[in-house]
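S.K.: the following comprises the amino acid sequence and a computationally predicted model.
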Amino acid sequence: MSMTDPIADLLTRIRNVNVLGRTSVRAPYSRIKEQILMTLKREGFIEDYQVEGEIPGKALSIQLKFGPEGEKVIRKIDRISKPGCRVYRSVSDLPVIREGQGIMVVSTSQGIFSDNEARQRNVGGEVLCRVY
C-alpha cells in the first residue's frame, strides 16, 4: 500500500500519541521527516528522535516532550500544505503563530526551517505544518 502524504502520516502519529499521553512513537523513515523532526527538536517541541534499523526497514523513534507537571508541549500540530493544494509564502507573508509561542515548518531552497529561521535567512517557501 502506497502512502500519498507521508508528512501528514508523521504529524498524525505525533498528534495521536500526544493525545494519549504516551512519551514515544515510531514512524517510517524518510529524509524530509527527519529534517522536520530536527526542526521540532531545535525549537523545543520534541525531546529527541533516533533513526533505527537498516534500509528498507528504517524507522524514526520520536520521544515527545512534556512540561514539569506533565503538561503537553505540543498543543496542536496541523498540516498546512497538502499534495492537492500546496501553500507557499514569501518571507514577508509568514505569520507569527500564537504571539511567538508556535512555529511554522517551512521547506525552503536552503533546507527545512522554522518560520523564525526562515526570517533570519530571508527565504520563503512551502509551509509544511504549524505547531503550537
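M.R.: Okay, I see it. Just so it is clear, the model here is predicted, and its values are computed rather than measured.

S.K.: going by C-alpha atoms from here, please, whenever you check contacts or count neighbours.
M.R.: Will do.

S.K.: doesn't L94 make contact with V87?
M.R.: No: using Cα atoms under 8 Å, V87 is not in contact with L94; the gap is 11.2 Å.

S.K.: between these two, who's got more neighbours?
M.R.: Using other Cα atoms under 10 Å as the criterion, V87 and L94 rank with L94 on top: 18 against 13.

S.K.: distance of the more buried one relative to S107?
M.R.: As judged by Cα to Cα, to the nearest Å, L94 and S107 stand 12 Å apart.

S.K.: next one: R31
M.R.: R31 sits 13 Å away from S107, going by Cα to Cα.

S.K.: what do you get for R15?
M.R.: On the measure of Cα to Cα, R15 and S107 end up 21 Å apart.

S.K.: ditto for V127
M.R.: 6 Å.

S.K.: what's the closest non-adjacent residue to E52?
M.R.: A59 (5.2 Å; Cα to Cα, 6 or more residues apart in numbering).

S.K.: is the residue nearest in space to the middle of the chain in a helix, a strand, or coil?
M.R.: By Cα atoms, centre = their mean, the chain has its centre lying nearest to I36, at 4.5 Å. Put simply, I36 is helix when judged by DSSP: H, G, I helix; E, B strand; the rest coil.

S.K.: what residues are up against it?
M.R.: By Cα atoms under 8 Å, 6 or more residues apart in numbering, the residues touching I36 are V105, I112, F113.

S.K.: for it, give its distance to E71.
M.R.: Separation of I36 from E71 (Cα to Cα): 23 Å.
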